[in-house]
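Chemist: Provided below are the primary sequence and the corresponding predicted coordinates.
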Amino acid sequence: MYGRTMTIARRLGPPVAFAVVLIAIVLGLWEVHVPIGIDFHTYEAAARVGLQQGWSHIYDPAAVASKQLELVPGQVAQPFLSPPTTAWLAALLAFLPYWPSYYIWSTFTLGAFAIALLWSSRDRGLLRWVTAGAALAPWWVAQAEHVGQVVPLVAVGMLLAWRLIRERRDLLGGTALALLFLKPNTAFLVPLALAVAGRLRAFLAWAGIGALVAAVAMITLGPSGISSYVSQLTGSLPLGADSLTIGGALGVTGPVALGLRIVIVGASLAAAFRFRESPGLAVAVGTLGSLLVVPYLHGSDLCLLSAAAFIVWQERTTLAWRIPIAAGWVVATPFIQMSSMSLRLNRWPLIEMLLLAALVFEAWRPRVAGEAALTAEDDLKRRATA
C-alpha cells in the first residue's frame, strides 16, 4: 500500500506542481496586468535624449523629464540613475512608438529569464519546468515586468555564467557576466566571488569587457555627463529605497551598518573561496552578499534572489536545503502575497541573511571523508549529460 502511494505521488507530483507554479505565474502577471513601465519609461526617455541631444545629456534631469512627459503624458517622471549601458540597450527600441517598445522589452526580459533558468538547470523532464517556474513565480518577477525593469537580464547573466563556468567554459561565462553592467549594484560581488573561487579567467573576461564599457562610456558621456551622473548617485536616495537593505531590515545606520556590510562582504568572499569545487555556490553567495550590502534596492531586484535560490536548489539536493527553499518560493507567490500573511518588504533581507548564513556554514562545515571527491565525480557526470 505504501509503495503504491509513493508511486502515485511520483507520477502525479510533477504535473500537479507544474500546474500550481503556472497558476502562480499567471496570477502574478494578471495582478499587474495594467501596464505602467515606469522604469522602462525612464530608460527609454534617457535613450532618446542620448540619440537626439547627445549621450552627455542622459543624466540631465530636466532633459529626461521632458522626454518622459513627451513619451507618456501624465506618468510620473523620475531621474535616470542607471549606468549608460541600460540606455544604450533601450535605444535599440527607440525607432518604435513607446507602448510597443515597452511590451517588446517586457516580453524579452521575462522570456530571457525563463530560458536561462531552463537552460542552466540540472533537472530533466517536467521537473526542469517545475523548478524554473518556481523561480519565476515570486511576486517580484511580475513586478519587474510591470515596471519594465532591466534586472531580469542581470539574473540571466548570472545563470548563463553558472552553466558555462561549471562546464569549464570560463571565458564565455565571464562574458555572460557582462550583463551585470546593466545594473551592477545588484550583483557586484559575483565576479569577485568567482575570482577568489579560482575562476580567474571568468573574472578577467568580465573585467576586460568592463574596461571596454567604461572607455566607451567616458567617450560618449564626456566630463559633463560623468559629473552629472556622479552628482545624482551621491545625492539623496528615492523614498523607500532602503526597505530591502540591512538598514531597512534591522534599523541600523552609520558605523554599525558599515560594520555589518564589511562582515557580510568578508563572509561572502570567504565562503566563495571554500566553494572552489562548486562555482554555482560561489555565484550564490556573491549574489546574496551584494543584495545585503548595497544601500539602494527595489522589490524587482529580488529577481536575483530567485536566481540565487534556484542555483542553491540545483547544487544542494538534500531535503534540508530544498524544503526551506521551496517554502520561501511559496511565501513569495501571489497566493501568499495577496493575503494577510504576506511579508513586509523589509523582511526579505532577513531571508537573504538566513540563506547566506546557511551557505557560509556549509562552506566551513567539516566534510565527511570522500564527500568532496563524490561531489566532484557527480559534477563531472552531470556536465557530461548536460
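Modeler: Yes, it's here. Residues are numbered from 1 along each chain as shown.
Chemist: Could you identify the helix or strand that succeeds the one helix or strand residue 163 maps to?
Modeler: Take DSSP states H and E as the rule and residue 163 turns out to sit in helix 151-166. Downstream of helix 151-166, the first helix or strand assigned by DSSP H and E is helix 170-176.
Chemist: Any buried residues in that following helix, and which?
Modeler: By neighbour count on 16 or more other C-beta atoms under 10 Å, the buried set for helix 170-176 is 170, 172-176. To be clear about C-beta, it is placed using only N, CA and C from the backbone, and glycine gets the same treatment.
Chemist: Mind putting the residues you listed into CSV with distance to residue 350 and pLDDT?
Modeler: CSV is the format used below for those (distance: C-beta to C-beta, whole Å; pLDDT from 0 to 100):
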residue, distance to residue 350, pLDDT
170, 34, 95
172, 36, 96
173, 31, 96
174, 32, 96
175, 34, 96
176, 30, 96
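Chemist: Now render those residues as CSV, adding distance to residue 298.
Modeler: Shown next, in CSV, are the buried residues of helix 170-176 (distance: C-beta to C-beta, whole Å):
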residue, distance to residue 298
170, 32
172, 30
173, 27
174, 27
175, 27
176, 24
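Chemist: Residue 258: which of those is nearest?
Modeler: residue 174 (30.2 Å; C-beta to C-beta).
Chemist: Surely the closest one is in contact with residue 202?
Modeler: Yes. Using C-beta atoms under 8 Å, residue 174 makes contact with residue 202 at a distance of 3.7 Å.
Chemist: any residues in contact with both of those two?
Modeler: 161, 191, 194 (C-beta atoms under 8 Å, 6 or more residues apart in numbering).
Chemist: any idea how far residue 187 is from the last one?
Modeler: According to C-beta to C-beta, to the nearest Å, residue 194 stands 11 Å off from residue 187.
Chemist: repeat for residue 360
Modeler: Counting by C-beta to C-beta, the gap from residue 360 to residue 187 is 18 Å.
Chemist: more crowded one of those two?
Modeler: residue 187 (29 against 19; other C-beta atoms under 10 Å).
Chemist: May I have the phi/psi pair for that one?
Modeler: Note on residue 187: its backbone torsions stand at phi -150, psi 30 [degrees, to the nearest 10].
Chemist: Tell me who's in contact with it.
Modeler: 154, 157-158, 180, 286-287, 290-291, 304.
Chemist: Could you pull out the helices in the stretch 201-350 of the chain for me?
Modeler: Listed in chain order, the helices of the stretch 201-350 of the chain (DSSP state H, counting those that start in this stretch) span 246-250, 254-274, 279-293, 303-315, 319-332, 334-337, 348-364.
Chemist: and the helix or strand where residue 112 lies, what other elements does it pack with?
Modeler: Taking DSSP H and E as the definition, one finds residue 112 inside helix 98-120. Packing partners of helix 98-120 (3 or more C-beta pairs under 8 Å, 6 or more residues apart in numbering; DSSP states H and E): helix 38-53, helix 125-136, helix 139-147, helix 151-166, helix 303-315.
Chemist: is it possible to export those helices to a markdown table including distance to residue 23?
Modeler: Formatted as a markdown table, these follow (distance: least, C-beta to C-beta, whole Å):
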| stretch | distance to residue 23 |
| --- | --- |
| helix 38-53 | 27 |
| helix 125-136 | 10 |
| helix 139-147 | 13 |
| helix 151-166 | 21 |
| helix 303-315 | 18 |
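Chemist: mind checking which of those is nearest residue 228?
Modeler: Nearest of these (C-beta to C-beta): helix 38-53, 11.5 Å.
Chemist: okay, the contacts of residue 187 in JSON lines with neighbour count and distance to residue 198 next?
Modeler: Formatted as JSON lines, those follow (neighbours: other C-beta atoms under 10 Å; distance: C-beta to C-beta, whole Å):
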{"residue": "154", "neighbour count": "27", "distance to residue 198": "23"}
{"residue": "157", "neighbour count": "25", "distance to residue 198": "20"}
{"residue": "158", "neighbour count": "28", "distance to residue 198": "18"}
{"residue": "180", "neighbour count": "26", "distance to residue 198": "19"}
{"residue": "286", "neighbour count": "29", "distance to residue 198": "14"}
{"residue": "287", "neighbour count": "29", "distance to residue 198": "18"}
{"residue": "290", "neighbour count": "27", "distance to residue 198": "20"}
{"residue": "291", "neighbour count": "27", "distance to residue 198": "23"}
{"residue": "304", "neighbour count": "27", "distance to residue 198": "23"}
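Chemist: wait, which of those residues is closest to residue 256?
Modeler: Closest approach to residue 256 among these (C-beta to C-beta): residue 291, at 18.9 Å.
Chemist: check contacts around the closest residue to that closest one other than its chain neighbours.
Modeler: Spatial nearest neighbour of residue 291, excluding adjacent residues (C-beta to C-beta, 6 or more residues apart in numbering): residue 352 at 5.6 Å. Residue 352 is in contact with 288, 291-292, 305, counting by C-beta under 8 Å, 6+ apart.
Chemist: ok, 10 Å please
Modeler: In this structure, residue 352 makes contact with 244, 246, 249, 264, 287-292, 302, 304-305, 308-309, 328, judged by C-beta atoms under 10 Å, 6 or more residues apart in numbering.
Chemist: between the residues you listed, which is closest to residue 39?
Modeler: Nearest member of the contacts of residue 352 to residue 39, counting by C-beta to C-beta, is residue 302, at 14.4 Å.
Chemist: residues in contact with the closest residue to the closest one other than its chain neighbours?
Modeler: In this structure, residue 302 finds its nearest non-sequential neighbour in residue 140, 3.9 Å apart by C-beta to C-beta, 6+ apart. Neighbouring residues of residue 140 by C-beta under 10 Å, 6+ apart: 28, 149, 151-152, 244, 298-306, 332, 337, 345, 348.
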